[in-house]
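Student: only geometry, no sequence info:
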C-alpha cells in the first residue's frame with residue numbers, strides 16, 4: 001500500500017517535472033516582471049497526430065483588478081501582451097512555434113472571470129517587437 005502511494009507520488013512528480021520544465025524559465029521571468037500574475041505557459045499542438053492546427057505557445061496570466069480591466073482597456077491589454085511576448089522571445093526558443101497566443105484573465109469577486117486574448121503568428125510578433133525598438137538576442141535558459 002505504501003509502495004503504491006510512493007510510486008504514484010513519484011509518477012506525479014515526474015509528470016509535472018517533464019510538463020513544466022521547458023517553460024519554467026519563461027514562467028519565472030513573467031512572475032518576476034508581473035508579480036501576482038500566476039503565469040502559465042503551455043506549448044504544443046492540438047491533435048498533434050493531425051496537421052490541422054498550428055504549433056503554438058500559449059501564455060496565460062492573471063491581471064490584478066487594481067491594474068486595469070483587460071476587456072475594456074484594449075490599449076493596455078495590447079501593451080501587456082507585447083511585454084509578455086517580449087519575455088517569451090528573451091527566455092524561450094519561440095522559433096519552434098507557428099503562433100503565440102496571449103490570454104489575460106481577471107478574477108471578479110462573485111462573478112465570471114474577465115478574459116482577453118490575442119493570437120498572432122510568431123513573425124508578426126517579431127515584426128511588432130522590432131518596430132517598438134526591441135533587438136533580438138538569443139534566449140536565456142536559466143532553469
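Tutor: Good, I have the coordinates. Values in this document were obtained by computation on a predicted structure and should not be read as measured data. Numbering: from 1, shown residues only.
Student: now this structure, which segments are flagged as low pLDDT?
Tutor: 48-50, 138-143 (pLDDT under 70).
Student: Tell me which residue is most central in it.
Tutor: For the chain, the residue sitting closest to the mean C-alpha position, by CA atoms, centre = their mean, is residue 59 at 1.8 Å.
Student: which residues touch the helix or strand containing that residue?
Tutor: In this structure, residue 59 sits in strand 56-62 according to DSSP states H and E. Contact partners of strand 56-62, identified using CB atoms under 8 Å, 6 or more residues apart in numbering, comprise 26, 30, 34, 36-45, 80, 84-85, 88, 92, 94, 97-107, 119. C-beta here means a position set from N, CA and C on the backbone, and glycine is covered the same way.
Student: Also stretch 121-136?
Tutor: 82, 85-86, 89, 94-95, 97-100, 120.
Student: now those residues in JSON lines, with secondary structure and distance to residue 7?
Tutor: Converted to JSON lines, those look like this (DSSP: H, G, I helix; E, B strand; the rest coil; distance: CB to CB, whole Å):
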{"residue": "82", "secondary structure": "helix", "distance to residue 7": "45"}
{"residue": "85", "secondary structure": "helix", "distance to residue 7": "40"}
{"residue": "86", "secondary structure": "helix", "distance to residue 7": "42"}
{"residue": "89", "secondary structure": "helix", "distance to residue 7": "40"}
{"residue": "94", "secondary structure": "helix", "distance to residue 7": "36"}
{"residue": "95", "secondary structure": "helix", "distance to residue 7": "38"}
{"residue": "97", "secondary structure": "coil", "distance to residue 7": "35"}
{"residue": "98", "secondary structure": "coil", "distance to residue 7": "38"}
{"residue": "99", "secondary structure": "strand", "distance to residue 7": "38"}
{"residue": "100", "secondary structure": "strand", "distance to residue 7": "37"}
{"residue": "120", "secondary structure": "strand", "distance to residue 7": "43"}
